[in-house]
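K.L.:
need coordinates for the following:
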Amino acid sequence: MRHLNFDTPRGRGRGRLATVAAICALLAGAPALAQETESSSEPIMTATAVAAPPAAAAPIKYIVPDLSAARGAPRPWPSAGFVLRPSAALIADWTSFDQDDDSIAQVGKQKDTSEWRGFRLQVLGSFGGSYRINYQLGGEYKGFDSDPTDNWQLTDMSVTFPVGDSTRIAVGKIKEAFAYEMVGDAANLPQSERVLSPFFVSRNTGVRVTHVLGPDKRANVSYGFANDAWDVGTNTHRGTDYFARVSGLAWDDAANGRYLHIGGSYRYAAADGAIRYRGRPASNVASNFVDTGEFPSNGARHYGLEGLLSWGGLSLLGEYATASVESQAKGDPKFSGWYLTGSWVLTGESRPYDRKVGYARRVIPKSAWGAPELVVRYSDVDLDDGPVLGGRFTRVDLGVNWWATTRWKFGIDLGRTELDRMGKTGKTDTVLTRIQWIY
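P.N.:
A predicted model of the protein is given here:
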């Protein structure tokens, strides 16, 4: 795997900084958007959105310099018939590893690495007259929603057709509606990295229908189908996936940042005669600690459960995913993974819940000093069953996030992974530091 290292010659480092500065300057001159509880990963709806928490009476001047958080809505360009909104994400990581001998024997020596964890550019908006169609076009360099083995990828290319105030149909390269970790905004989760990646794909090309149900929009239903053969420039032809997710608020006290979200999802993954499950231990630069290798299969059924309890600055997020694989040769194995994340925003802010999509958004600091957050997570991914020995790891994470502004976040995560594989139990300690800017 090739990474951009920050330790390279000084001239190259200055070149990267100049690139980042140029992008920030370009965005500063673009029509800015008031900080929302909705990230740029979801097109703007023509239907009435659920009201976000009211904006502050006066803009907060954070101690960390940033673009203004309240400079109006997306503007028509070049005419009222076409609305354009630029978006960008710049995420830089440094990861260090400390392994025992068993870990090295299992997965090889892991190298300390600095990288652009995510570099995303996209545009989104709407076009039309009284009936408006939404669009989204974006690409990433090694982002959360791209394959870690690839560099640049086209991650979003879709149009969305609203049907009344409660339904929209997205067509193109989209997220499959399965698993909270995948459906939600990865950069805005309490934890730094996902762990359930063996059970979902980041993007696929197809159709997704979403309904927002109830007079107060408490429930969200999404379903659809996708086929990797429909993607641009693809060399894979697994077949057609089918997916569905139902979620909603079982209890809600929005005025105090208290709510209980529950959900369930299903995904059928097609397989062209063979299938493979593999995953990294909450690290984009680590090797695949668990890996089944390819084995004969006609497909697999995935099931997921999710829950999020928010109580002001405290939150508890949990998720469980399982795979039932159709493989007569391997005895129809079953794999599973789960995690439980606890979060405490010390200044009391809560993640606002977006009823249109069924998940929580980013922390919006109310103080000039930002919002510090303590995070703890326990996770377990098991790809061992019968003759399939993909391995099993458990991991404990302790982290601190500082949501310095509405766009800047700084974080550090300390993690220990214990891997049971090859008749050994290897231990790997990691330190991940992150700088993140989301526009």
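K.L.:
switch to C-alpha atoms for all contacts and neighbour counts from now on
P.N.:
Will do.
K.L.:
what residue ranges in this protein score low on pLDDT?
P.N.:
1-57, 69-78, 142-151, 233-234 (pLDDT under 70).
K.L.:
show me where it has its helices.
P.N.:
10-29, 101-107, 180-183 (DSSP state H).
K.L.:
buried residues in the second one?
P.N.:
Neighbour-count burial for helix 101-107 flags Asp102, Ser103, Gln106, Val107 (criterion: 16 or more other CA atoms under 10 Å).
K.L.:
kindly report the same for stretch 231-244.
P.N.:
Buried residues in stretch 231-244, counting neighbours by 16+ other CA under 10 Å, are found at Asp231, Arg238, Thr240, Asp241, Tyr242, Phe243, Ala244.
K.L.:
in strands only, show me those residues.
P.N.:
With strands taken from DSSP state E, the overlap with the buried residues of stretch 231-244 comprises Thr240, Asp241, Tyr242, Phe243, Ala244.
K.L.:
give me the most central residue, this structure.
P.N.:
Among the residues of the chain, Ala186 comes closest to the average C-alpha position under CA atoms, centre = their mean, at 2.5 Å.
K.L.:
that one against Val195, yeah?
P.N.:
No. Applying CA atoms under 8 Å, one finds Ala186 not in contact with Val195, separated by 11.2 Å.
K.L.:
just to revisit the earlier point, could you dump the buried residues of helix 101-107 to JSON lines with distance to Leu305?
P.N.:
Shown next, in JSON lines, are those (distance: CA to CA, whole Å):
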{"residue": "Asp102", "distance to Leu305": "33"}
{"residue": "Ser103", "distance to Leu305": "31"}
{"residue": "Gln106", "distance to Leu305": "31"}
{"residue": "Val107", "distance to Leu305": "30"}
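K.L.:
and of the residues you listed, the nearest to Gly264?
P.N.:
Taking CA to CA as the measure, Gly264 sits nearest to Val107 out of those, at 33.4 Å.
K.L.:
against Thr167, how distant is Ala250?
P.N.:
For Ala250, the distance to Thr167 (CA to CA, to the nearest Å) stands at 21 Å.
K.L.:
more neighbours: which of those two?
P.N.:
Thr167 (19 against 12; other CA atoms under 10 Å).
K.L.:
what sits opposite the more buried one in the beta ladder?
P.N.:
Beta-bridge partners for Thr167, by DSSP bridges, are Val163, His211.
K.L.:
that one reaches Val209, doesn't it?
P.N.:
Yes. With contact taken as CA under 8 Å, Thr167 and Val209 are classed as touching, separated by 7.2 Å.
K.L.:
identify the residues contacting Ile60.
P.N.:
By CA atoms under 8 Å, 6 or more residues apart in numbering, the contact list for Ile60 reads Lys366, Ser367, Ala368.
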